[in-house]
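Asker: sequence isn't available, so here's the structure alone:
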């Protein structure tokens with residue numbers, strides 16, 4: 001179960017990073033004047049390369065998840081699950097298998113789109129970037145069909161699934177942009193041109209607005225999901241599920257504190273007289289925010305395969 005949780009977390013991380021890289025291609029594309037004066041902005045090519053590598057990693061990490069899930073369901077080793085056909089049965093004979101087939105197909109189309117953007121220089125339209133972003137979001141959000149929400153057969157199953165899908169959308173928009181933002185600020189600190197810091201400040205403001213929207217989605221959908229998945233009081237007072245959920249909520253609150261510090265104090269100071277010192281503080285704060293997000297992904301990796309307290 002530990003290996004399955006870790007692989008799920010890795011899969012979530014690479015899928016989210018594909019979203020974040022493409023999101024920042026869009027953000028920087030909307031700041032031509034600032035980026036043009038920056039001298040050394042975070043390059044579009046680097047972002048597209050990061051998105052491409054993430055898209056490539058989606059397939060093997062997803063297949064590893066599938067194999068480990070088959071082994072966990074049958075109680076066999078990985079080789080045992082493969083040899084007795086459990087992997088094929090899960091992939092081709094179950095509802096979850098259909099979801100995996102769709103997700104692998106989306107990942108393949110996404111990779112084709114990203115390869116065209118990364119290696120064909122004539123592709124300069126914004127449309128392929130937007131298409132890639134939509135595909136990356138669809139690939140990640142479709143994980144909702146592989147969660148507790150996807151197996152809910154109750155009267156509110158559709159609402160539960162929708163709430164969980166929106167929750168994953170919010171998480172991907174916020175967490176996905178942290179690494180590209182950290183790289184942008186890092187390059188600005190190494191640059192000798194002040195325009196680079198102005199580009200970092202402008203991108204931080206734009207991403208901050210998106211992150212604020214994402215946080216609203218996360219909070220509302222998280223409350224709805226918890227209300228829909230919890231059946232009685234013992235579900236929230238006992239078992240590993242409530243422990244993991246508590247860890248997730250605490251870490252999320254810490255991320256909110258850091259995000260508020262960035263938005264209210266550090267980002268406005270980047271363009272001030274002491275901007276370089278503020279940019280360094282912003283960089284460290286973003287890294288701390290990203291580290292907390294990665295720990296949350298580990299908790300989420302376990303949450304999706306952990307039954308509620310009374311079901312353990």
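Answerer: Nice, I can see it. Keep in mind that what you see is a predicted model, and the values were worked out from it rather than measured. Residues are numbered from 1 along each chain as shown.
Asker: following the least confident helix or strand in the chain by mean pLDDT, which helix or strand comes up?
Answerer: The helix or strand of the chain with the poorest confidence is helix 32-38; it has a mean of 46 (mean pLDDT, DSSP states H and E). Next in sequence after helix 32-38, counting helices and strands by DSSP states H and E, comes helix 44-74.
Asker: just checking, what packs against the helix or strand following that next one?
Answerer: Moving toward the C-terminus from helix 44-74, the first helix or strand encountered (DSSP H and E) is helix 78-83. Under the contact definition 3 or more Cβ pairs under 8 Å, 6 or more residues apart in numbering; DSSP states H and E, helix 78-83 sits against helix 44-74. C-beta: built from backbone N, CA, C; applies to glycine.
Asker: mean confidence (pLDDT) on the helix it packs on, please.
Answerer: The average pLDDT for helix 44-74 rounds to 90.
Asker: that helix: which residues count as buried?
Answerer: Neighbour-count burial for helix 44-74, counted by 16 or more other Cβ atoms under 10 Å, picks out 44, 46-52, 54-59, 61-72, 74.
Asker: and stretch 20-36, which residues are buried?
Answerer: Buried-residue list, stretch 20-36, by 16+ other Cβ under 10 Å: 20, 21, 22, 23, 24, 25, 26, 27, 28, 31, 34, 35.
Asker: what helix or strand is the second one on?
Answerer: Assigned by DSSP H and E, residue 21 falls within helix 2-29.
Asker: which strands and helices lie in contact with that helix?
Answerer: In this structure, helix 2-29 packs against helix 44-74, helix 127-141, helix 157-176, helix 178-190, helix 194-229, helix 275-303, with contacts taken as 3+ Cβ pairs under 8 Å, 6+ apart.
Asker: could those go into CSV alongside distance to residue 111?
Answerer: CSV is the format used below for these (distance: least, Cβ to Cβ, whole Å):
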stretch, distance to residue 111
helix 44-74, 5
helix 127-141, 9
helix 157-176, 17
helix 178-190, 19
helix 194-229, 24
helix 275-303, 22
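Asker: my guess is residue 27 meets residue 207, correct?
Answerer: Yes. Using Cβ atoms under 8 Å, residue 27 makes contact with residue 207 at a distance of 6.1 Å.
Asker: what is in contact with those two at once?
Answerer: Jointly contacting residue 27 and residue 207 under the rule Cβ atoms under 8 Å, 6 or more residues apart in numbering are residue 177.
Asker: list the buried residues in stretch 255-267.
Answerer: 255, 258, 259, 261, 262, 263, 266, 267.
Asker: quick one: which of those is nearest to residue 199?
Answerer: Closest approach to residue 199 among the buried residues of stretch 255-267 (Cβ to Cβ): residue 267, at 12.8 Å.
Asker: residues touching that closest one, list them.
Answerer: Residue 267 touches 201, 204, 205, 208, 282, counting by Cβ under 8 Å, 6+ apart.
Asker: between which two of the buried residues of stretch 255-267 is the distance greatest?
Answerer: Pairwise over those, using Cβ to Cβ, the maximum falls at 255 and 267, 15.8 Å.
Asker: that older thread, ok, the buried residues of stretch 20-36 vs residue 130, which is closest?
Answerer: Once Cβ to Cβ is applied, the member of the buried residues of stretch 20-36 that ends up nearest residue 130 is residue 26, at 7.0 Å.
Asker: what's the burial count for the closest residue to the closest one other than its chain neighbours?
Answerer: Nearest residue to residue 26 in three dimensions, chain neighbours excluded: residue 129, at 6.1 Å (Cβ to Cβ, 6 or more residues apart in numbering). A total of 23 residues lie near residue 129 under the criterion other Cβ atoms under 10 Å.
Asker: residue 129 and residue 24 touch, don't they?
Answerer: No. The pair residue 129 / residue 24 is not scored as a contact, 10.3 Å apart, by Cβ under 8 Å.
Asker: tell me where the model's unsure across the stretch 201-312 of the chain.
Answerer: 231-238, 271-275, 308-312 (pLDDT under 70).
Asker: return the closest of the buried residues of stretch 255-267 with respect to residue 83.
Answerer: residue 255 (43.0 Å).
Asker: which element, helix or strand, includes that closest one?
Answerer: Per DSSP H and E: helix 240-261 holds residue 255.
Asker: and the next helix or strand past that helix?
Answerer: Downstream of helix 240-261, the first helix or strand assigned by DSSP H and E is helix 267-270.
Asker: name the residues of that following helix that are buried.
Answerer: Applying 16+ other Cβ under 10 Å to helix 267-270 flags 267, 269, 270 as buried.
Asker: CSV for those residues, including distance to residue 212?
Answerer: Formatted as CSV, the buried residues of helix 267-270 follow (distance: Cβ to Cβ, whole Å):
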residue, distance to residue 212
267, 12
269, 19
270, 18
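Asker: sketch out the low-pLDDT regions of the stretch 51-200 of the chain for me.
Answerer: Low-confidence segments of the stretch 51-200 of the chain (pLDDT under 70): 118-125, 192-195.
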